[in-house]
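**Q** below are the sequence and a predicted model; questions follow.
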Amino acid sequence: MTRLTAPKKVGVIFHSPIVTAQIHRRREGNPAAKNRPLTRSQAGGGLKALRVKRDAAKWHAAIKRVEDTARGGANLMPDIIEAVEAHATVGEISDAMRRV
């Protein structure tokens, strides 16, 4: 049986050693958690390769639709999903919304 200890206060977040142990166990037992996104330096030319491989016309139309929908004030989520499916990055989608 695990002995409970009082949580430590870290900044404004309470941190319990037991919760930390549970999180680590879940990560070790979950192969998907081990496949975290790579950092920019680890990814290397991944973004450049993505931009070369994607359909430019489909990507451009999806980004334009995000921008137009944002300008009109309608629900953006369907257009954002379409842009992601056209291999637009989060930064490109965010830039389209910022241009409004």
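**A** That came through, no problem.

**Q** only C-alpha atoms from now on, for both contacts and neighbour counts.
**A** Fine.

**Q** biggest helix in the chain, by residue count?
**A** helix 56-72 (DSSP state H).

**Q** okay, buried residues for the helix or strand following that helix please.
**A** Per DSSP states H and E, helix 56-72 leads on to helix 77-85 as the next helix or strand towards the C-terminus. Using 16 or more other Cα atoms under 10 Å as the test for burial, helix 77-85 gives 79-80, 82-84.

**Q** let's have these in a markdown table, adding pLDDT and distance to residue 96.
**A** Putting those into a markdown table (pLDDT from 0 to 100; distance: Cα to Cα, whole Å) gives the following:
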| residue | pLDDT | distance to residue 96 |
| --- | --- | --- |
| 79 | 96 | 11 |
| 80 | 96 | 10 |
| 82 | 96 | 14 |
| 83 | 96 | 11 |
| 84 | 94 | 13 |
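
**Q** tell me the mean pLDDT over stretch 87-96?
**A** Averaged across stretch 87-96, the pLDDT comes to 94.

**Q** low-confidence ranges in this structure?
**A** Within the chain, the stretches with pLDDT under 70 are 1-45.

**Q** would you map out the domains in it?
**A** Using automatic domain parsing, the domain parsing of the chain gives 7-36, 40-98.

**Q** and the closest residue to residue 92 other than its chain neighbours, how close does it get to residue 71?
**A** Nearest non-adjacent residue to residue 92, counting by Cα to Cα, 6 or more residues apart in numbering: residue 63, 7.7 Å away. Applying Cα to Cα, to the nearest Å, the value for residue 63 to residue 71 is 12 Å.

**Q** same check on residue 85?
**A** In terms of Cα to Cα, residue 85 sits 21 Å off from residue 71.

**Q** go on, residue 100?
**A** From residue 100 to residue 71 the distance is 6 Å (Cα to Cα).

**Q** residue 50 against residue 87, yeah?
**A** Yes - counting by Cα atoms under 8 Å, residue 50 touches residue 87, with 7.4 Å between them.

**Q** quick one, which of the two is more surrounded?
**A** residue 87 (19 against 13; other Cα atoms under 10 Å).

**Q** what is the burial count for the nearest residue to the more buried one once chain neighbours are set aside?
**A** Nearest residue to residue 87, sequence neighbours excluded (Cα to Cα, 6+ apart): residue 54, at 6.4 Å. For residue 54, the neighbour count with other Cα under 10 Å is 14.
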